[in-house]
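A.B. asks: This is a predicted model, with the sequence first.
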Amino acid sequence: SRRDHPRWGAANTALARWLPPAYEDGISQPRGWSHDFLYNGFPLPPVREVTRQVIQVSNEAVTEDDQYSDLLMVWGQYIDHDIAFTPQSTSKAAFWGGIDCQLTCENQNPCFPIQQLPFNDSLTAGTDCLPFYRSSAVCGTGHQGAFFGNLSESNPRQQMNGLTSFLDASTVYGSSPALEKQLRNWTSEEGLLRVNRRYQNEGRAYLPFVARRSPCAQEPGADGAERIECFLAGDGRASEALSLTAVHTLWLREHNRLAVALKALNPHWSADTVYQEARKIVGALHQIITMRDYIPKILGPEAFQEYVGLYEGYDATVDPTVSNVFSTAAFRFGHATVHPLVRRLDDGFQEHPDLPRLHLHDVFFSPWRLIREGGLDPLVRGLLARPAKLQVQHQLMNEGLTEKLFVLSNSGTLDLASLNLQRGRDHGLPGYNEWREFCSLPRLETQADLNTAINNRSVAEKIMNLYKHPDNIDVWLGGLAENFLPRARTGPLFACIIGKQMKALRDGDRFWWENRHIFTEAQRRELEKHSLSRIICDNTGLTRVPIDAFQVGQFPQDFEPCENIPHINLEAWRETFHQDDKCGFPDKVENGDFVHCEEAGKRALVYSCHHGYELQGQEQITCTDKGWDFPPPVCKDINECKDLMDPPCHLSAECKNIKGSFQCLCTDPYMLGEDERTCVDSGRLPKASFVSITLGGVLIGGLAALTWLVICRW
């Protein structure tokens with residue numbers, strides 16, 4: 001998206017730091033790493049103790065939101081997965097000694113275990129801790145700086161975002177060429193995405209399955225030959241929960257619906273042109289639904305105006321990179337709005353006689369329930385007509401998330417609240433007061449001050465009793481517990497951080513849907529008509545929906561027939577040609593495409609190149625009375641391997657340029673790791689931590705011949 005700063009917002013780059021990190025050693029060690037390290041004279045409280053004393057509430061005691069539907073919560077999670085993913089360390093064992101992080105309760109990189117409570121802790125029965133893996137460091141930062149002669153507080157440990165920062169529907173299309181290649185239907189002339197070949201939902205598509213046997217749960221008693229694998233989508237977390245899978249499925253169907261319609265309007269378009277134009281529309285709809293319908297409800301109208309405001313056009317000086325504090329703390333506010341039950345409703349929006357309510361722990365990584373228990377429609381009805389959990393200061397997170405969280409990388413259950421707190425400490429996020437000061441909010445120095453920010457005195461006192469000093473409070477907890485702003489679902493601190501981030505994502509995106517030349521004026525008008533409610537009408541069997549899908553209502557009085565829900569008119573995308581112009585139909589561009597638009601009454605072509613190619617020449621040419629004002633541009637292969645400032649492959653691998661892409665090659669016995677750019681031990685030799693891919697030169701303390709592989713597994 002950025003020509004002058006191509007790494008801003010790019011996948012596999014560092015999360016932005018809006019404040020310097022607060023590591024215990026100034027370089028890499030998390031807050032709370034050393035048990036005898038004191039903050040304002042006190043150690044930080046164990047995160048599990050914070051969860052049990054302040055955050056957790058029983059499933060039966062939650063308060064439901066009287067304004068917003070469960071779909072509001074799901075949309076927040078879905079959008080978070082569009083803009084942020086912080087990969088964990090690729091190693092699951094301590095670097096020095098090799099002990100498995102599942103088996104140790106000592107802090108040894110990358111292991112940073114969560115200590116159990118001294119009594120009555122249901123999660124750690126028989127063990128002293130819960131496993132926790134540190135996030136991968138950006139190569140060469142933190143303690144890795146020793147290998148580059150740059151071990152200092154000016155080069156602290158940074159964490160990376162594995163996704164593009166932009167609101168670009170990467171949940172649908174992926175954030176890498178390799179994943180996009182798996183998602184597309186390459187035999188279709190209509191630019192379709194792949195769908196499930198084994199199962200349909202009353203004639204409508206499901207997401208395809210991953211190609212290999214997956215760890216997703218199977219139906220009890222089911223025949224092993226009829227496995228339901230995890231779903232394949234643009235984001236690997238699509239099967240985490242049924243409600244999230246439902247939203248992914250809606251957008252798969254919407255892309256294919258748009259693609260078929262666009263091809264019918266413009267039969268001369270190539271499959272790739274149809275695909276790219278449908279993708280462009282889907283990306284715009286993600287931006288519209290998020291910024292118009294979702295974010296104002298979270299921030300409240302006053303904070304939205306203060307931090308986001310009206311769109312004034314693309315600003316090339318704005319860095320859209322997702323910030324560490326947004327990804328690791330502020331946007332995790334949504335965990336406090338997760339309802340402990342998944343509700344599935346019948347055609348009359350009543351409790352389904354054959355599909356009872358499910359507890360959260362029954363739907364984690366269970367795609368079989370979608371296929372074998374009623375399909376998409378009952379789930380979507382429940383998301384529309386049942387409320388989200390209300391974020392209440394003494395009811396922050398339901399026990400389904402704090403006592404029974406299931407993740408594929410762990411053999412037992414975990415605690416999401418404790419994971420969030422530990423992750424913030426792992427990333428060196430400064431404390432609550434530092435972020436309040438960043439947002440021009442007053443620092444809180446006393447219990448009385450804290451009582452003004454958190455008006456439930458019992459909660460405020462519990463927090464102070466645990467942390468002993470306001471400066472010690474973890475930013476995620478402090479922001480989560482604050483009093484709501486008017487007509488908002490966050491307090492002032494998170495409203496500030498979320499608002500600043502959303503403005504940066506919008507104003508720093510050259511392809512934002514409102515930016516000039518991205519769509520024609522007629523197309524922008526049509527896009528504004530569309531809504532999540534309309535997408536549900538077009539891609540499910542529902543015939544009545546709320547006008548605003550995020551507003552909870554009673555059926556049938558608060559629901560409208562689908563024929564009354566405005567929809568996009570794709571006629572604005574039909575290409576028409578004037579017989580008397582002197583330009584004619586342009587030739588196809590090799591390794592690229594163009595779309596027609598109209599500017600000031602003149603026909604224009606806007607060119608783009610396929611991934612791995614760069615445009616040489618004019619991006620837009622216009623038809624004049626003398627013909628095209630410029631010759632068509634060409635798309636030239638990018639030799640990514642020549643990028644010495646930001647090499648595509650890790651130094652442990654050899655980069656080979658190929659047309660439109662590159663390959664990272666490893667020499668035997670090493671193989672490519674999960675990031676497809678780093679060589680890792682194939683297992684045919686002793687652990688790579690002790691087998692050298694030699695880095696010559698004299699390093700700190702006379703150490704030499706250390707391995708590159710160690711560096712990028714920290």
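C.D. replies: Received it, and whenever you're ready, just let me know what you need. Please read these numbers as outputs of a predicted model, since none were measured by experiment. Numbering: from 1, shown residues only.
A.B. asks: Against residue 68, how distant is residue 416?
C.D. replies: 21 Å (CB to CB, to the nearest Å). Placement of C-beta: from N, CA and C, glycine included.
A.B. asks: Ignore what I typed, I meant residue 614.
C.D. replies: When residue 614 is compared with residue 68 (using CB to CB), they lie 44 Å apart.
A.B. asks: Please apply the same query to residue 279.
C.D. replies: 29 Å.
A.B. asks: Likewise for residue 177?
C.D. replies: 37 Å.
A.B. asks: of those two, who's got more company?
C.D. replies: Between residue 177 and residue 68, residue 68 has the larger neighbour count (other CB atoms under 10 Å), namely 21 against 13.
A.B. asks: tell me which element the more buried one is part of?
C.D. replies: Following DSSP states H and E, the helix or strand that holds residue 68 is strand 64-69.
A.B. asks: Same check on residue 630?
C.D. replies: Here residue 630 is assigned to no helix or strand, by DSSP H and E.
A.B. asks: Now do the contacts for it.
C.D. replies: Taking CB atoms under 8 Å, 6 or more residues apart in numbering as the criterion, residue 630 is in contact with 617, 618, 621.
A.B. asks: I'd assumed residue 633 was in contact with the second one.
C.D. replies: Yes: Residue 618 is within contact range of residue 633, at 5.7 Å (criterion: CB atoms under 8 Å).
A.B. asks: any residues in contact with both of these two?
C.D. replies: Common neighbours of residue 618 and residue 633, counting by CB under 8 Å, 6+ apart, are residue 607.
A.B. asks: Of these two, which one has the most company?
C.D. replies: For residue 618 versus residue 633, neighbours defined as other CB under 10 Å are more numerous around residue 633 (21 against 16).
A.B. asks: neighbours of the residue lying closest to the more buried one once chain neighbours are set aside, just the number please.
C.D. replies: Leaving aside its chain neighbours, residue 633 sits nearest to residue 617 (2.9 Å; criterion: CB to CB, 6 or more residues apart in numbering). Residue 617 is flanked by 14 other residues according to other CB under 10 Å.
A.B. asks: cool, residue 335 as well?
C.D. replies: 24.
A.B. asks: same deal with the one 5 residues further on?
C.D. replies: Here the count is done by other CB under 10 Å, and residue 340 has 22 residues near it.
A.B. asks: My read is that it contacts residue 59, right?
C.D. replies: Yes: the pair residue 340 / residue 59 is scored as a contact, 3.9 Å apart, by CB under 8 Å.
A.B. asks: from what I can see, residue 615 looks like it's in a strand, true?
C.D. replies: Yes: remark: residue 615 belongs to a strand, assigned using DSSP: H, G, I helix; E, B strand; the rest coil.
A.B. asks: Can you tell me how far it is from residue 666?
C.D. replies: 33 Å.
A.B. asks: These two - which one has more neighbours?
C.D. replies: residue 666 (19 against 16).
A.B. asks: Wait, the more buried one touches residue 679, no?
C.D. replies: Yes: Residue 666 is within contact range of residue 679, at 3.9 Å (criterion: CB under 8 Å).
A.B. asks: shared neighbours of these two, anything?
C.D. replies: Common neighbours of residue 666 and residue 679 (CB under 8 Å, 6+ apart) are 652, 653, 672.
A.B. asks: Looking at those residues, spot the one nearest residue 40.
C.D. replies: Of all the shared contacts of residue 666 and residue 679, residue 40 sits closest to residue 652, with 42.5 Å by CB to CB.
A.B. asks: gap between that closest one and residue 139?
C.D. replies: 10 Å.
A.B. asks: How many neighbouring residues does residue 527 have?
C.D. replies: Residue 527: 18 neighbours (other CB under 10 Å).
A.B. asks: quick one: which helix or strand includes the closest residue to it other than its chain neighbours?
C.D. replies: Counting by CB to CB, 6+ apart, residue 284 is the residue found nearest to residue 527 once chain neighbours are left out, at 5.3 Å. If you go by DSSP H and E, residue 284 is part of helix 271-288.
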